[in-house]
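**Q** Here you go, sequence then predicted model.
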Amino acid sequence: MKLIRLTPDNVRYYIGNEILFKSRGKHIVKIILDMSKSGKSIKIDHPDLQNSLQIVSREVYVILDSDKYD
């Protein structure tokens, strides 16, 4: 497993991939459904966060399959 930090510059390349982030003290894994026009937030299926996640104000990592990228 390889983790890459999600930024407004690279978010467009990872739509459809799994991400890892922390919310309310727990690590959560979700799939990126879409991104905002500015690239500063992403859409995910997580009603507790209103299905939106700011990627500039928290650490969000893309989970990549290590076999594919090593």
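**A** Structure received. Residues are numbered from 1 along each chain as shown.

**Q** Which residue ranges of this protein form helices?
**A** Along the chain, counting by DSSP state H, helices occupy 66-69.

**Q** so where do the strands sit in it?
**A** 2-5, 18-23, 26-31, 34-35, 41-43, 52-54, 60-64 (DSSP state E).

**Q** and Val11, which of these is closest to it?
**A** strand 34-35 (5.1 Å; Cβ to Cβ). C-beta: built from backbone N, CA, C; applies to glycine.

**Q** Next, the contact list for the spatially most central residue of the chain, please.
**A** Geometric centre of the chain, nearest residue: Ile19, 4.0 Å, by Cα atoms, centre = their mean. Shown in contact with Ile19 (Cβ atoms under 8 Å, 6 or more residues apart in numbering): 6, 29-32, 42, 44, 60-63.

**Q** Report the buried members of these.
**A** By neighbour count, with 16 or more other Cβ atoms under 10 Å, the contacts of Ile19 hold 6, 30, 32, 42, 44, 60-63 as buried.

**Q** Can you redo the residues you listed as JSON lines, where the extra columns are pLDDT and distance to Asn51?
**A** Listed next are those as JSON lines, based on pLDDT from 0 to 100; distance: Cβ to Cβ, whole Å:
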{"residue": "Leu6", "pLDDT": "97", "distance to Asn51": "17"}
{"residue": "Lys30", "pLDDT": "97", "distance to Asn51": "10"}
{"residue": "Ile32", "pLDDT": "98", "distance to Asn51": "12"}
{"residue": "Ile42", "pLDDT": "98", "distance to Asn51": "10"}
{"residue": "Ile44", "pLDDT": "98", "distance to Asn51": "6"}
{"residue": "Val60", "pLDDT": "97", "distance to Asn51": "15"}
{"residue": "Tyr61", "pLDDT": "98", "distance to Asn51": "19"}
{"residue": "Val62", "pLDDT": "98", "distance to Asn51": "18"}
{"residue": "Ile63", "pLDDT": "96", "distance to Asn51": "19"}
